[in-house]
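Asks: Quick one, what's the 3D model for this:
(chains A and B)
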Amino acid sequence: MTDTQEQQPPVAQLSQGQPASDETVIDLRYLFFVWLKWIWVPILLGGFGLYSGYRDIQAFTPQSVASITVAPIGEATERISTGVTGLAAQFGVQIDTRGGAISVFRRLQMMLGSVVFAEKLQDEIQILQVLYPGSWDEAAGAWTRPTGKDFERDQVRRARFKQNLWAPPNLETVANYLANTLIFEAVDGGPFQHVSVTHQDPEFALWVLTTAYFASDEMLREQDRKESAISRANIEAKMAVESNVQFLEALRGLLTNELSREITLDEGLPYAARIVEPARIHNRRTEPNLQRLMGVPAATYAGLGFFLTTLIALFRRERRRG
Amino acid sequence: MRFSWGAVYALFYLYRCAFSVLDQVVFLRLTSVPDTTGYQASNFGQFSQFRILLEGIETGLLMERNASLLTKIFASSLSAVTGGNAILINIGFQTVAFVGLLAFLKGLDTKTRIFVLLLVMTPSFSIWSSMASKEAIVVGLVGVFARYIVDIYNNRDSKKIYHLIILGMLFMYKPQFFPAIIFVAATSNLARYFREAATIAVLAASASLVVLYFFRELLDRFSRQIVSGILNEPGRSQRVLSFSDQYDIFFQAPGGMIRAFLGPTVSEAAGNILQMITLVESFLILGALTGFVIIRLPRIPAYSAVIALFTVFWTMFANYPVGLANPGTAIRYRTDYMLLIILAVAVLTSRNMYIDWRRNLLKNKSNKRFSWGPPPSRLGLNEKVSDGKSTK
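Replies: Numbers count the residues shown, from 1 in each chain, chains lettered A, B, ... in the order given. Have a look, this model is predicted:
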């Protein structure tokens, strides 16, 4: 990164704005020659980035995908959170938030990540022991605390920085696991939803998908059935004491609605969404994204080399020139 | 016949007034712009109760509602003065934009001024900044800010209270401009104190990228929320796009920034004459800016190249997600940030301006006109300079 020896013009010349000052400017022509001379630095670092990406690809474990495609029933325009609306508004985009009621399918999505749902799964199928079999000591009937130097060192570090220490898996862990494992995506931005689970073991992925999805669907139906029964009982109680004919007529209408709702709830068909494509395991497993795994580190390292070359060249030149 | 610049500015004002009229009698009949009709219908009757006015004020960090409220108050004032005449209200708004443009133009040398004048006379820019809209106000604010930056390089820098007010208003209207604004203003000010201006610019640019890296998760999440919010709105977009994968905001940025700047794509423009005109205009603007840079390219000072490149990057990167969803929206929002792009490309890349800036800094330092800042040696004054004569 050595420069050609050039005479620094007297400062008096600079201050008088003579043409000599034009020659002292470090412009892109100078940088071009610097880049040409030191091109091997970004190339070398870029190569290292490629190698680093290649190692990541070697460490990549293909996963199986289980998915189900559904059409949410009675999908209403979802309410967009006020946070998003406010944020979008900062960018000049006005989002209409006058949506309809929250759909059953949206409730199902929320249900999947709830502790109450995790509790139901724990009661029915001992989900904690299924998800974390390695940590469960069958004989002792307790969770095994991890051991080892690395783990203990990490615990000490966490304690120093007031971070949460190790705790055995609990219902919240299950809720978080399910919320992050079942991925919901709109098919081509339309009304259909693609729900998928990715895991190394294809059978396990399918099991998690079907168990969680259909159990949450059933739990929602159960909740709504109970609500409907309470609502019907309230209406019937009011009808028993009401003497006004017009009110009675109105209450009969409400009762009819509740009864028809209960019939729908008892149908035994999927509640939140119609199944368009039943749950299945995909033939193709996940594969690494070469562009991201290799391209990004290569570009980052090459950019770093380019930046360092430019910075050092400019600094040295400017110090010399003044 | 020779025109003085005063006459040119007067004609320019009339030209923009003509667009205010055209907006009302042609453009607003062809397309629906709810914001504009809302502002034109504003009146102080809406603020009759002081309580309502207070309730409208937002004290949080993001103050979009304040921008709307401020625009409504301004529109109501114009409505009161003009008797609610929509065309006159448009002219009032375009006058705000004109003041900013005039401030910017007057700070430039003749050659650059002509080039910039031609760019700000383009139809889409004139249409959106000549009607009752936030765009008109934002153009005015960005114009004054651009003049502030030009003044730094012309060594006419004088920080005024109104600069702070302008920045505060810009934050209300367009917080996404701030990465570019902070970068260009901070670097320009900082570089004055160092002999190693280009090094400072490179360090500032890399520091801004480090900030981007630290906020990558937040940006990724926000961009996906915003785009899905826009796409969920019926009728807002005919485009299928998504930021579904992690960090798509970064991976889609190179192409996305160009698309957001151009507006409609060739296939979209093929079936619509208005979009075709817009696309041709976008290509002409892009071609003019690119050509301008290419001609200067080899002789652009390294400092200027870095500061111009990153000002363009930060402006376009922060604005492109909303521009991608809809070609019309892209052109509208481009009006807001167009002056920042022009400032970077046409002004900051000037070799002469850079040379004069550094030379005058040196001169001012030697004459001890500044009582603060680093010693003259930090600016390259290795020798004592007195009245243009150097002594070892």
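Asks: Report the separation between A:Lys226 and A:Phe214.
Replies: With distances taken as C-beta to C-beta, to the nearest Å, A:Lys226 is found 19 Å from A:Phe214. Placement of C-beta: from N, CA and C, glycine included.
Asks: my bad, should have said A:Glu277
Replies: Distance from A:Glu277 to A:Phe214, by C-beta to C-beta: 15 Å.
Asks: Looking at the two, which one has more neighbours?
Replies: Per other C-beta atoms under 10 Å in any protein chain shown, whichever of A:Glu277 and A:Phe214 has more neighbours is A:Phe214, with 15 against 12.
Asks: so B:Leu209 is in which element?
Replies: Assigned by DSSP states H and E, B:Leu209 belongs to helix B:197-214.
Asks: Distance from that helix to the middle of the chain?
Replies: On the basis of C-alpha atoms, centre = their mean, to the nearest Å, helix B:197-214 sits 21 Å off its chain's mean C-alpha point.
Asks: Surely B:Phe261 touches B:Leu286?
Replies: Yes: counting by C-beta atoms under 8 Å, B:Phe261 touches B:Leu286, with 6.7 Å between them.
Asks: out of those two, which sits in the busier spot?
Replies: The neighbour count for B:Phe261 versus B:Leu286, taken as other C-beta under 10 Å, is higher for B:Phe261 (24 against 14).
Asks: Give the helix, strand or coil label for that one.
Replies: What DSSP: H, G, I helix; E, B strand; the rest coil gives for B:Phe261 is helix.
Asks: same check, this time on A:Trp166
Replies: A:Trp166 - assigned by three-state DSSP - is coil.
Asks: Wait, B:Tyr153 touches B:Tyr354, no?
Replies: Yes: applying C-beta under 8 Å, one finds B:Tyr153 in contact with B:Tyr354, separated by 7.3 Å.
Asks: Whichever helix or strand B:Phe104 is part of: what's the following helix or strand?
Replies: Taking DSSP H and E as the definition, one finds B:Phe104 inside helix B:86-106. Counting by DSSP H and E, the next helix or strand C-terminal to helix B:86-106 is helix B:110-120.
Asks: by contact count, what packs against that next one?
Replies: Other helices and strands packing on helix B:110-120, by 3 or more C-beta pairs under 8 Å, 6 or more residues apart in numbering or on different chains; DSSP states H and E, are helix B:5-22, helix B:86-106, helix B:273-296, helix B:327-342.
Asks: Nearest to A:Trp136, out of those?
Replies: Of all the helices and strands packed on helix B:110-120, helix B:327-342 sits nearest to A:Trp136, with 54.3 Å by C-beta to C-beta.
Asks: Give the next helix or strand downstream of the closest one.
Replies: Using DSSP H and E, the helix or strand that directly follows helix B:327-342 along the chain is helix B:351-366.
Asks: Can you spell out which helices and strands pack onto that next one?
Replies: Applying 3+ C-beta pairs under 8 Å, 6+ apart, one finds that helix B:351-366 contacts helix A:11-16, helix A:20-24, helix B:134-153, helix B:302-325, strand B:384-386.
Asks: okay, these in JSON lines with distance to B:Phe19, mean neighbour count and mean pLDDT next?
Replies: Shown next, in JSON lines, are those (distance: least, C-beta to C-beta, whole Å; neighbours: other C-beta atoms under 10 Å in any protein chain shown; pLDDT from 0 to 100):
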{"stretch": "helix A:11-16", "distance to B:Phe19": "46", "mean neighbour count": "21", "mean pLDDT": "39"}
{"stretch": "helix A:20-24", "distance to B:Phe19": "41", "mean neighbour count": "15", "mean pLDDT": "62"}
{"stretch": "helix B:134-153", "distance to B:Phe19": "11", "mean neighbour count": "25", "mean pLDDT": "95"}
{"stretch": "helix B:302-325", "distance to B:Phe19": "22", "mean neighbour count": "24", "mean pLDDT": "91"}
{"stretch": "strand B:384-386", "distance to B:Phe19": "51", "mean neighbour count": "16", "mean pLDDT": "40"}
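Asks: Just tell me which of these ends up closest to B:Thr31.
Replies: Closest of the helices and strands packed on helix B:351-366 to B:Thr31 is helix B:134-153, at 14.5 Å (criterion: C-beta to C-beta).
Asks: Specify the angle between the closest one and helix B:110-120 in degrees.
Replies: Interaxial angle of helix B:134-153 relative to helix B:110-120 (axes from the mean of the first three to the mean of the last three C-alpha atoms, to 10 degrees): 170 degrees.
Asks: for helix B:134-153, packing partners?
Replies: When contacts are defined as 3+ C-beta pairs under 8 Å, 6+ apart, helix B:134-153 packs onto helix B:64-82, helix B:86-106, helix B:123-129, helix B:161-173, helix B:178-191, helix B:327-342, helix B:351-366.
Asks: average pLDDT for the third one?
Replies: Meaning helix B:123-129. Helix B:123-129 comes out with an average pLDDT of 93.
Asks: Now it: buried residues?
Replies: Neighbour-count burial for helix B:123-129 flags B:Ser124, B:Phe125, B:Ser126, B:Ile127, B:Trp128, B:Ser129 (criterion: 16 or more other C-beta atoms under 10 Å in any protein chain shown).
Asks: Quick one: check that helix for contact with chain A.
Replies: No: no part of helix B:123-129 sits near chain A under the criterion C-beta under 8 Å from any C-beta of the partner chain; the closest distance found is 11.7 Å.
Asks: hey, C-alpha coordinates of that helix in CSV?
Replies: Extracted in CSV, the C-alpha atoms of helix B:123-129 (Å, rounded to 0.1, in the frame of the first residue of the first chain):
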residue,chain,number,x,y,z
PRO,B,123,-43.8,15.5,-14.1
SER,B,124,-44.2,12.9,-11.3
PHE,B,125,-42.2,14.9,-8.8
SER,B,126,-44.2,18.0,-9.7
ILE,B,127,-47.5,16.2,-9.5
TRP,B,128,-47.0,14.8,-6.1
SER,B,129,-45.3,17.8,-4.5
